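S.K.: give me a model of this one.
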Amino acid sequence: METTTTTYLATNITNMYNTSANTTDYYDYDDYEDFQLSPLHYFTAVVYILDFLLGTIGNGLVIWFSIFKMKKTVNVIWFLNLSIADFTFTLFLPLSISYLLNGFHWSFGSFMCKFNSTLAFVNLFASVFLLTVISIDRLISVIFPVWCQNHRTPRLALFVVIVVWFLALLCSLPYFIFRDTEEYYDTIRCSNNYKLNGSMHDARIRHKSLVAMRFLVAFLIPFTIIVTCYSVIAQRIYRNHLTTSTKPFKVIITVIICFFVCWIPYHIFSLLELHSFYHDSDLFYKISAAIPFASSLAFMNSCVNPFLYVFIGRDFKDNICRSFHSIFEKAFNEDSVAKDLISKTKSTSNSQVV
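M.R.: Here you go, the predicted model:
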């Protein structure tokens with residue numbers, strides 16, 4: 001989820017060369033730099049490799065068991081698509097690793113430059129949207145348990161998933177349009193050309209608009225919805241005394257904290273980098289130095305999700321004694337809180353009738 005998810009996150013240390021009015025094309029600043037690979041770059045590459053290994057294996061297992069071993073419930077559909085988004089993103093991480101370790105020299109052609117970057121953004125938006133949908137679904141299950149029992153079907157979930165992927169593609173389309181390769185001295189960069197056939201002023205507007213859109217659509221709005229949903233769920237659980245276990249609260253808190261920790265550093269640095277790029281070159285270089293770490297932290301969200309949704313809130317010692325099939329099946333079961341609410345609602349209705 002590359003995210004300088006604007007530019008493939010790996011490529012954020014830059015130079016100010018392209019701010020010149022004499023520049024023939026306006027390319028995204030975080031794809032250009034006169035640099036020596038620093039220890040931070042190598043550390044970032046190591047994190048990318050770990051993300052690739054853990055992400056492909058973890059999400060691959062979820063996908064395989066979800067498709068071939070499990071009944072297609074609503075929850076299975078949610079987690080299957082979340083894993084598909086994360087799996088496809090991590091699957092192409094070796095291209096970014098190669099790009100980083102080769103001194104930001106792109107060796108895979110113009111189409112793969114566009115495709116690889118666009119795919120990363122598709123998966124970023126799809127993952128964030130799916131996390132938001134899962135949160136809303138859980139909230140609805142708690143507030144309207146009877147309605148959910150009658151209308152919350154896999155077919156409806158499939159329709160929602162199709163909408164999610166369509167919106168993710170739509171949000172990622174600008175990156176396919178602007179992304180291109182450019183020869184820069186003796187290297188080939190895979191970068192964003194915001195100018196196209198317009199003016200420098202148009203390029204700046206497009207650049208700022210995309211960064212602002214990404215922050216709002218891929219972080220601030222989803223994060224606000226997620227926090228709101230789980231806050232209401234926690235309040236409802238506490239008020240109705242639906243469970244004496246602290247596990248549901250642990251899961252809720254873990255989801256919120258994980259999402260926050262993984263993405264907020266990147267988005268904050270991205271916004272600060274954009275501002276300083278036009279107004280404060282000294283601050284710009286200082287912030288740019290921290291972007292690779294923020295990027296690698298954001299990428300981790302794609303590899304931790306299988307562990308987050310499967311193992312958090314459960315006894316790990318018991319899990320390792322079971323087959324993966326039973327682990328995933330139990331993890332994707334309908335929420336016990338919703339079942340408790342249905343039971344409580346039916347009991348109340350029966351007592352009123354009597």
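S.K.: okay, how far is it across stretch 183-193, tip to tip?
M.R.: Stretch 183-193 stretches 13 Å from its first residue to its last (Cα to Cα, to the nearest Å).
S.K.: off-centre distance for it?
M.R.: 27 Å (Cα atoms, centre = their mean, to the nearest Å).
S.K.: cool, and stretch 167-174?
M.R.: Distance of stretch 167-174 from the chain centroid (Cα atoms, centre = their mean) equals 14 Å.
S.K.: averaged pLDDT, that stretch. What do you get?
M.R.: Stretch 167-174 shows a mean pLDDT of 96.
S.K.: what ranges in the stretch 151-300 of the chain fall below the confidence cut-off?
M.R.: By pLDDT under 70, the weakly predicted segments of the stretch 151-300 of the chain are 241-252, 255, 277-278, 289.
S.K.: could you pull out the helices for it?
M.R.: In the stretch 151-300 of the chain, the helices defined using DSSP state H, counting those that start in this stretch lie at 154-178, 200-215, 221-240, 247-279, 281-311.
S.K.: of those, which approaches residue 58 most closely?
M.R.: Of all the helices of the stretch 151-300 of the chain, it is helix 281-311 that lies closest to residue 58, at 3.7 Å by Cβ to Cβ. Every C-beta, even on glycine, is put in place using the N, C-alpha and C of the backbone.
S.K.: quick one: list the elements packing against that closest one.
M.R.: helix 39-68, helix 74-91, helix 109-143, helix 247-279, helix 324-331 (3 or more Cβ pairs under 8 Å, 6 or more residues apart in numbering; DSSP states H and E).
S.K.: buried ones in the longest one?
M.R.: Read it as helix 109-143. 112-135, 137-142 (16 or more other Cβ atoms under 10 Å).
S.K.: can you give the distance of that helix from its chain's centre?
M.R.: The answer for helix 109-143 is 6 Å, by Cα atoms, centre = their mean.
S.K.: need the contact list for residue 164.
M.R.: The contact partners of residue 164, by Cβ atoms under 8 Å, 6 or more residues apart in numbering, come to 81, 126, 129, 130, 133.
S.K.: let's have the residues you listed in CSV, adding distance to residue 212 and pLDDT.
M.R.: Shown next, in CSV, are these (distance: Cβ to Cβ, whole Å; pLDDT from 0 to 100):
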residue, distance to residue 212, pLDDT
81, 27, 94
126, 20, 94
129, 18, 94
130, 23, 91
133, 23, 93
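S.K.: with respect to residue 235, which of those residues is nearest?
M.R.: Using Cβ to Cβ, the contacts of residue 164 come closest to residue 235 at residue 133, 20.9 Å.
S.K.: so how far is residue 175 from the closest one?
M.R.: Distance of residue 133 to residue 175, computed by Cβ to Cβ, to the nearest Å: 22 Å.
S.K.: repeat that for residue 271.
M.R.: For residue 271, the distance to residue 175 - Cβ to Cβ - is 18 Å.
S.K.: neighbour count: these two, which is higher?
M.R.: Under the criterion of other Cβ atoms under 10 Å, the comparison of residue 271 against residue 175 puts residue 175 first, with 25 against 15.
S.K.: do you know how far residue 173 is from residue 138?
M.R.: Going from residue 173 to residue 138 by Cβ to Cβ gives 30 Å.
S.K.: go on, residue 111?
M.R.: As judged by Cβ to Cβ, residue 111 and residue 138 stand 40 Å apart.
S.K.: elements contacting the helix or strand hosting residue 96?
M.R.: Residue 96 is located in helix 93-101, with elements delineated by DSSP states H and E. If you count contacts as 3+ Cβ pairs under 8 Å, 6+ apart, helix 93-101 packs onto helix 39-68, helix 109-143.
S.K.: let's have the ones you listed in CSV, adding distance to residue 102.
M.R.: Output for those, formatted as CSV (distance: least, Cβ to Cβ, whole Å):
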stretch, distance to residue 102
helix 39-68, 11
helix 109-143, 14
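S.K.: residue 159: which of those helices is closest?
M.R.: Nearest to residue 159 among those is helix 109-143 (11.4 Å), distances taken as Cβ to Cβ.
S.K.: give me the angle between the closest one and helix 221-240.
M.R.: On the basis of axes from the mean of the first three to the mean of the last three Cα atoms, to 10 degrees, helix 109-143 is oriented at 20 degrees to helix 221-240.
S.K.: run the angle between helix 109-143 and helix 247-279 for me.
M.R.: Using the same axes, to 10 degrees, helix 109-143 lies at 140 degrees relative to helix 247-279.
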